[in-house]
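In: just a sequence and a predicted model for now, questions to come.
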Amino acid sequence: MKKLLFSLSLFALTISIQAQEYDFQTIIDIDATPVISQGNTGTCWSFSTSSFLESEIIRKTGKFIDISEMYTVRNVYPKKIDNYITRKGKTQFGEGGLAHDVINSIKEYGIVPNDVFSPEQTKQEYDHSELFRVLKSTLDAYTSSRNTISNNWKPITEFILDTYIGKNITEFTYEGKKYTPQTFMDMLGIKADDYITITSFKNQAYYTPFILNIPDNFSNGSLYNLPLDEYIANIDNALDKGYTLSLDCDVSEITFNAKNGIAFIPSSKDDNSKGLTEIVEEKTITEESRLQDFYSYQTQDDHLMHIIGKVKDQKGNIYYKVKNSWGNNTERIGNDGYIYMSTAYMKLKSISVLLHKEALQKQTLKNLNIK
């Protein structure tokens, strides 16, 4: 009996050693503004990249400034509308977008602080469900016409955007000084041409830009293509040098869990639930498996977020600290609104990252011929 009890105790000890709940330690934690919620909108692209720009402003000036996500959304919508109308509705029209849409917008329209342009700031959260229904039905009424259409869609859609988001501004006062959106951006030291997007797709030529055909790339923005290991190495290099990144990735996996604040790719599907709270063995991700997931629609352009650092678990496994825009309600959101994303998840499920060109490795800059 004593022998049996000893064996059972040894077995229980072995199980407890193997089943290790996550115990994270910070490796890199770059300054960022507080986690906020995009509400009931499909504008994660603006929230994530605005958050990224806010960290850039902190890096450059030391100032923590809340910039307006909706100012950018307001300026991007007319471009989406024009694209949809001129293509007679034969293209994507949605709330989504990509990080380069924010960069394109600030290059043309500048930046404004949130307290200057936040038409819904008195509400509990943003809600664009009615805006999108009204806008889409208006556009479809025009694009479904067999006859030549008038240019009335321009003032009508502008009126809709003014009503639901707000009228654009050309001048404002901030901390006692007058600015235009462009001079405000200049004061912050932000230059749109400093930012590029990198990715990794084996079917495209490496070290050249290409247009990734995903639904939300309505503006046909180009991404620089890198080998997978070099893509990840440049993400690491950026963080090591104190730069953050705007991330586009797939969040449809059940192993991406906001409540637990974790994202991982287990070797076995049997560990899908276990890995939410405990360390599990993960898959080895290759360029081939990454491309296969993309073409089988297992990896899609779902959501944009903001990479601000790294953590590690007690076994030394590395995770990226990713700022989300789903709020920080502790009852349904873990890690204070952040996701700890494993390296395997980043390799397999990230679509691309936007970063400052100076955050790239020197050899990558040379390979891409970026100056």
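Out: Everything's here; your move.

In: who's in contact with the spatially most central residue of the chain?
Out: Centroid-nearest residue in the chain, with C-alpha atoms, centre = their mean: residue 304, separated by 2.1 Å. Going by C-beta atoms under 8 Å, 6 or more residues apart in numbering, residue 304 touches 44-45, 47-49, 98-99, 246-249. (C-beta placed from N, C-alpha, C; glycine too.)

In: and it, how far from residue 108?
Out: Distance, residue 304 to residue 108, by C-beta to C-beta, to the nearest Å: 20 Å.

In: repeat for residue 87
Out: Residue 87 is 21 Å from residue 108, by C-beta to C-beta.

In: which parts of the stretch 151-300 of the chain are strands?
Out: 172-174, 177-179, 195-199, 209-211, 222-225, 245-249, 256-257, 262-263 (DSSP state E, counting those that start in this stretch).

In: now render the ones you listed as a markdown table, adding mean neighbour count, distance to residue 166 and mean pLDDT.
Out: Output for the strands of the stretch 151-300 of the chain, formatted as a markdown table (neighbours: other C-beta atoms under 10 Å; distance: least, C-beta to C-beta, whole Å; pLDDT from 0 to 100):
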| stretch | mean neighbour count | distance to residue 166 | mean pLDDT |
| --- | --- | --- | --- |
| strand 172-174 | 13 | 12 | 96 |
| strand 177-179 | 13 | 18 | 98 |
| strand 195-199 | 22 | 26 | 98 |
| strand 209-211 | 14 | 32 | 98 |
| strand 222-225 | 21 | 31 | 98 |
| strand 245-249 | 28 | 24 | 98 |
| strand 256-257 | 20 | 33 | 96 |
| strand 262-263 | 24 | 34 | 98 |
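
In: dump these to CSV, plus distance to residue 149.
Out: Listed next are the strands of the stretch 151-300 of the chain as CSV, based on distance: least, C-beta to C-beta, whole Å:
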stretch, distance to residue 149
strand 172-174, 36
strand 177-179, 38
strand 195-199, 34
strand 209-211, 28
strand 222-225, 31
strand 245-249, 34
strand 256-257, 42
strand 262-263, 45
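
In: so which of these gets nearest residue 55?
Out: strand 245-249 (9.4 Å; C-beta to C-beta).

In: show me which positions of stretch 75-86 end up buried.
Out: Buried residues in stretch 75-86, counted by 16 or more other C-beta atoms under 10 Å: 75-77, 79-81, 84-85.

In: now for these, which pair is the farthest apart?
Out: The largest separation in those, counting by C-beta to C-beta, is between 75 and 85 at 17.1 Å.

In: so residue 46 sits in a helix?
Out: Yes - counting by DSSP: H, G, I helix; E, B strand; the rest coil, residue 46 is found in a helix.

In: that older thread, out of the buried residues of stretch 75-86, which is nearest to residue 22?
Out: Nearest member of these to residue 22, counting by C-beta to C-beta, is residue 76, at 37.8 Å.

In: biggest strand in the protein by residues?
Out: Criterion DSSP state E: the longest strand present in the chain is strand 303-312.

In: no further queries at this time; thank you.
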